[in-house]
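Engineer: sequence and predicted model, in that order:
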Amino acid sequence: MPTRIRLALDWTPNTNHTGFYVALANGSYEKADLQVELISPDADDYKLTPARRVAAGEADLAIAPSESIISFQTNNVPMLAVAAVLARDASAIVTLKQSGLDRPSRLDGKVYASYNARYEDEIIRQLIINDGGRGQFVSHKPARLDIWHALLTNEADATWIFLPWEGVEAEQRDIQLNQFLLEDYEIPYGYSPVLAAHSDWATENADALRRFLSATAEGFAFAVRDPDEAARILFDTAAHPSLTSLDFLEKSQQVASGYYLDAEGQWGVMRRDIWNTFVNWLIRNHLLNHPDGDLIQQYDVSRLYTNDYL
């Protein structure tokens with residue numbers, strides 16, 4: 001009897017998820033004696049975040065930013081990152097080129113379209129301050145799927161995007177963007193997204209989890225070798241109404257495939273220094289609290305992630 005694994009996606013199917021869909025389509029999960037179910041968040045209209053699904057026992061694994069792991073752990077829920085979906089940050093804060101907002105400091109007093117994610121507004125505030133601004137902006141929270149649209153219609157002045165997705169869409173539609181990379185403004189952002197599990201589930205299902213990660217790594221390696229075919233597999237296998245253009249997916253896949261593997265060509269492996277630097281940055285900026293509200297002064301990041309199942 002195959003082991004069932006339910007994976008909660010963080011977004012409707014996109015090129016961050018390609019390796020999972022390739023492993024599903026080419027039989028890698030089946031060969032690993034796994035029955036894998038991919039849960040799209042629009043199934044319940046985004047009522048529960050992927051990590052909350054795991055915490056509630058409605059999924060076994062979740063795709064989530066490292067902030068979710070940190071937030072759950074500091075509230076005594078043993079959520080654990082078991083793999084990095086992307087080896088490095090593929091995101092940027094963007095404004096429309098025509099807006100003239102060509103530096104983060106110029107976002108003072110402007111409207112930022114927020115996902116309402118943990119630490120997000122504080123990161124944007126610090127981005128502005130690090131560029132010499134006051135860090136004062138209006139945080140606007142449209143419906144998740146309207147955030148990109150809010151920028152394009154001037155409802156918002158800035159937002160946070162994935163370069164392999166909205167970045168490619170902007171290029172295809174000849175929309176000129178200013179891009180602010182967090183690392184360029186001394187913000188050491190962590191892995192995003194990661195694959196999250198409840199540590200109890202991971203311990204109890206260690207063998208199945210290893211098989212799942214091994215099959216998934218094959219899927220992402222395939223996408224690096226043959227991005228166009230991987231894009232077609234994603235298109236056909238996900239068969240989601242949001243995926244309307246194979247041409248767009250192929251272009252997105254070309255970009256996304258450059259973020260999957262680390263410098264050694266490995267998928268999923270996480271480095272302690274990346275976790276450490278981000279967590280220490282959160283601590284320095286007084287963003288980490290114990291459940292009773294007291295500030296956390298130091299934190300052992302080995303509680304947040306493991307490479308043991310890779």
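Structural biologist: Received it, and whenever you're ready, just let me know what you need.

Engineer: using PDB, list the CA coordinates for the biggest helix by length in the chain.
Structural biologist: Looking across the chain with DSSP state H, the single longest helix is helix 206-225. Taking Å, rounded to 0.1, in the frame of the first residue of the first chain, the C-alpha atoms of helix 206-225 are listed here in PDB:
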ATOM      1  CA  ALA A 206      11.300   9.600   7.900                       C
ATOM      2  CA  ASP A 207      11.600   6.800   5.300                       C
ATOM      3  CA  ALA A 208       8.600   8.100   3.200                       C
ATOM      4  CA  LEU A 209       9.900  11.700   3.500                       C
ATOM      5  CA  ARG A 210      13.300  10.700   2.200                       C
ATOM      6  CA  ARG A 211      11.700   8.900  -0.700                       C
ATOM      7  CA  PHE A 212       9.500  11.900  -1.400                       C
ATOM      8  CA  LEU A 213      12.400  14.300  -1.400                       C
ATOM      9  CA  SER A 214      14.600  12.100  -3.500                       C
ATOM     10  CA  ALA A 215      11.800  11.800  -6.200                       C
ATOM     11  CA  THR A 216      11.200  15.500  -6.000                       C
ATOM     12  CA  ALA A 217      14.900  16.300  -6.500                       C
ATOM     13  CA  GLU A 218      14.800  14.200  -9.700                       C
ATOM     14  CA  GLY A 219      11.800  16.300 -10.800                       C
ATOM     15  CA  PHE A 220      13.600  19.600 -10.300                       C
ATOM     16  CA  ALA A 221      16.800  18.300 -11.900                       C
ATOM     17  CA  PHE A 222      14.800  17.300 -14.900                       C
ATOM     18  CA  ALA A 223      13.400  20.900 -15.100                       C
ATOM     19  CA  VAL A 224      16.900  22.300 -15.100                       C
ATOM     20  CA  ARG A 225      18.000  19.900 -17.900                       C
END
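
Engineer: how far out from the middle of the chain is it?
Structural biologist: 18 Å (C-alpha atoms, centre = their mean, to the nearest Å).

Engineer: and that helix, average pLDDT?
Structural biologist: The pLDDT scores in helix 206-225 average 98.

Engineer: show me what it is packed up against.
Structural biologist: strand 3-8, helix 18-25, helix 28-31, strand 34-39, strand 79-84, helix 227-238 (3 or more C-beta pairs under 8 Å, 6 or more residues apart in numbering; DSSP states H and E). No exception for glycine: its C-beta is placed from N, CA and C like everyone else's.

Engineer: quick check: what element follows the fifth one along the chain?
Structural biologist: Downstream of strand 79-84, the next assigned helix or strand under DSSP states H and E is strand 91-96.

Engineer: what's the local residue count around residue 206?
Structural biologist: Neighbour count of residue 206, defined by other C-beta atoms under 10 Å: 12.

Engineer: thinking it is in contact with residue 310, fair?
Structural biologist: No: using C-beta atoms under 8 Å, residue 206 is not in contact with residue 310; the gap is 11.8 Å.

Engineer: show residues contacting the longest helix of the chain.
Structural biologist: With contacts defined as C-beta atoms under 8 Å, 6 or more residues apart in numbering, helix 206-225 is touched by 3, 5, 18-24, 26, 28-29, 31-34, 36, 61, 82-83, 195, 197, 202, 229-230, 253, 256-257, 260-261, 266-268, 309-310.

Engineer: quick revisit: overlap of the contact sets of residue 206 and residue 310?
Structural biologist: Joint contacts of residue 206 and residue 310 (C-beta under 8 Å, 6+ apart) do not exist.

Engineer: and residue 302, which of the helices and strands packed on helix 206-225 is closest to it?
Structural biologist: Closest approach to residue 302 among the helices and strands packed on helix 206-225 (C-beta to C-beta): strand 79-84, 10.3 Å.

Engineer: helices along the chain, start to end?
Structural biologist: Using DSSP H, helices in the chain cover 18-25, 28-31, 50-55, 66-74, 120-130, 147-152, 168-172, 199-204, 206-225, 227-238, 246-256, 272-284.

Engineer: contacting residues around residue 34?
Structural biologist: Counting by C-beta under 8 Å, 6+ apart, residue 34 touches 2, 3, 4, 5, 208, 211, 212, 215.

Engineer: count the neighbours of the first one for me.
Structural biologist: It refers to residue 2. 12.

Engineer: alright, that wraps it up for me.
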